[in-house]
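> coordinates only, sequence not included:
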């Protein structure tokens, strides 16, 4: 006699997961994050993070390590232009942000970077 319990459980799990993803809030699809690790004792801690929010229009940068190194998030717009935002207050509370994108010219890619002896960045990430 065949065991039909496993396919039924697998189907139920798939439908539960699909429902969770299918009904996620629309804003969450536009918030992306990049993190740089390698700070602190033996490089075990997060140096900082940056990302894109507000429907691909806002770019932010957050330095999380009080190590004296800067942190930046670089971005590119659909038009090909781009730039960066540095966390102006170092590892103190609060991040820095700018709003370079628009609905017609959104941020398309970004990367988070920490400056040690040279800039150390994530790969380019989709916004």
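Good, I have the coordinates. Quick caveat, the model's predicted, so the values are computed rather than measured. Numbers count the residues shown, from 1 in each chain.

> Retrieve the pLDDT associated with the residue nearest the centre of the chain.
The chain has residue 33 as the residue nearest its centroid, 0.8 Å off, counting by CA atoms, centre = their mean. Confidence at residue 33, expressed as pLDDT, is 90.

> Give the full set of residues in contact with the nearest residue to it once chain neighbours are set aside.
Closest residue to residue 33 apart from its sequence neighbours, by CB to CB, 6 or more residues apart in numbering: residue 51 at 4.2 Å. Just so you know, the C-beta spots here come from the backbone N, C-alpha and C atoms, and that holds for glycine as well. Counting by CB atoms under 8 Å, 6 or more residues apart in numbering, residue 51 makes contact with 31-34, 59-60, 73, 110, 112.

> tell me which element residue 51 falls in.
Here residue 51 is covered by strand 45-53, with elements defined by DSSP states H and E.
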